[in-house]
Structure formats: C-alpha cells, structure tokens
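Undergrad: Compute the structure for the input listed below.
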Amino acid sequence: MVGRPQKRTIETRRNILSAAEKLFDKNGFENTSMEEVASKAGVVKGTIFSHFGDKTSLLIAIKLKFLVNLIEAQKLSLKNNDPSNLTEKLMKLYRPWLKIFRENPDFAHLFLVQSTLKSGVWTDEFIQLCGGFEQIISDTLQAHITDKSKASSAQIELSTQAMQAFYYHVLALYKGGYIKSSSTQESLLNDLISKWWVN
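TA: Below you'll find the model as predicted:
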C-alpha cells in the first residue's frame with residue numbers, strides 16, 4: 001500500500017508535470033517561467049526544483065513516458081517477421097521519433113544538444129532511451145543481413161552511425177526551418193538511408 005507521504009509526492013509531481021506541459025504548449029518552453037509553473041501547479045518554486053532539478057529536466061520528464069512506451073513497442077516490433085525492405089523497416093522506426101521532435105521543437109533542441117545536458121535522474125534516463133533507440137537501429141541492421149560474411153560487427157556499427165547521422169541531419173534541417181514539411185523531411189531521410197550500402 002502506498003503511504004500518505006509517497007502518495008502526496010506522486011500527486012505533487014503529477015500536478016507539476018501537468019501544469020508545465022500546459023504552459024509549455026501555450027507559451028513555449030523559453031517563455032514559461034518556473035514561477036508560472038509553480039503558480040499553476042499550486043506549489044512553491046522550490047518544490048519544482050526538488051522534484052526535477054531545473055526547467056530542462058522538467059521538459060524531459062514530460063516526454064519520458066511517451067518515449068519509454070515507444071521504445072518498448074519498437075523492441076517488440078523487432079520480433080515480428082516484417083517483410084518490408086530495410087529502408088522501410090528503418091523508416092517505420094524513425095517516423096514516430098521524427099514526429100515527436102517536429103511537434104515539440106524545444107524538445108528537439110534538447111535532443112540535438114544532449115551532450116551538453118547536465119547529469120540528473122531525468123536527463124540520464126533520456127540519454128539512456130536515446131541510446132536504446134540507437135541499439136534498436138543496430139539490431140534491425142544486424143537482423144536484416146543474413147550473409148554474415150558480408151557484414152562485420154564494425155560494418156554494422158558504421159552503418160548504425162550513418163543512419164543516426166542522417167537522422168540528426170534531417171532533425172536539424174527541420175528545426176532550423178530549412179525543411180518545411182513532414183513529408184519532405186521523411187522523404188530526405190528515406191533517400192539517404194536507401195542509398196547506404198546495407199540496401
């Protein structure tokens with residue numbers, strides 16, 4: 001049974017996340033102050049810091065549940081015998097990630113600069129999830145290649161890094177406004193992947 005203090009802590013955290021998400025969606029991440037979040041959540045600002053550390057960690061915490069569920073679904077999809085060609089298999093994995101970052105430009109920025117994030121519970125989990133996604137890409141490449149003599153583990157690693165570089169590239173182009181539509185972004189990633197040696 002959950003004790004009263006623990007239940008209160010969970011409720012407080014949920015209220016903070018809900019308030020922050022609404023304010024970030026309405027005003028934008030940069031234009032929302034921690035004071036505004038605290039006021040909407042009905043807590044003092046120090047309570048937010050004790051639960052989340054800083055505003056960046058708060059934004060990450062809002063998105064983590066979705067990413068955890070996405071990663072789990074994608075791990076399960078690896079077990080399915082998908083007859084698609086490799087490019088389409090990879091695009092099925094990349095599309096939901098592209099979508100979340102298109103819809104959340106502030107979150108996309110954090111992803112693109114994740115090496116500069118301060119270590120903490122929320123940021124560490126986020127970086128772990130990003131690493132988990134990279135592993136799914138690697139596993140997809142490995143599973144696709146049936147003639148092991150054609151691809152060493154070093155070649156699989158190189159291909160994984162190439163796929164991720166293409167992915168970062170199209171994320172940055174969209175975030176920077178150089179790509180205007182989701183279809184153009186996905187088409188570019190599809191073209192880059194399809195021209196790589198693993199196809």
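Undergrad: From here on, just use CA atoms for contacts and neighbour counts.
TA: Noted.
Undergrad: Below-threshold pLDDT in the protein: ranges please.
TA: 1-5, 146-151, 197-199 (pLDDT under 70).
Undergrad: one more time with 90
TA: Scanning the chain for pLDDT under 90 picks out 1-10, 25, 28-29, 51, 53-54, 65, 76-86, 105-123, 141-156, 195-199.
Undergrad: ranges for the helices of it?
TA: According to DSSP state H, the chain carries its helices in the segments 4-27, 34-41, 45-52, 55-77, 86-103, 105-112, 121-144, 153-175, 182-194.
Undergrad: tell me the domain boundaries of the chain?
TA: According to automatic domain parsing, the chain comprises the domains 1-52, 55-194.
Undergrad: Any chance of JSON lines for those domains, columns mean neighbour count?
TA: Listed next are these as JSON lines, based on neighbours: other CA atoms under 10 Å:
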{"stretch": "domain 1-52", "mean neighbour count": "15"}
{"stretch": "domain 55-194", "mean neighbour count": "16"}
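Undergrad: How far away from the center of its chain is stretch 84-97?
TA: 15 Å (CA atoms, centre = their mean, to the nearest Å).
Undergrad: Just the residues contacting that stretch, thanks.
TA: 74, 82, 137, 140-141, 144, 167, 186, 189-190, 193-194, 198-199 (CA atoms under 8 Å, 6 or more residues apart in numbering).
Undergrad: I'd like those written out as TSV, with distance to residue 9 added.
TA: Below are these laid out as TSV (distance: CA to CA, whole Å):
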residue	distance to residue 9
74	31
82	43
137	37
140	40
141	43
144	46
167	38
186	41
189	43
190	45
193	45
194	49
198	49
199	50
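Undergrad: Among these, which one lies nearest to residue 153?
TA: Each of the contacts of stretch 84-97 was scored against residue 153 by CA to CA, and residue 141 proved nearest at 10.5 Å.
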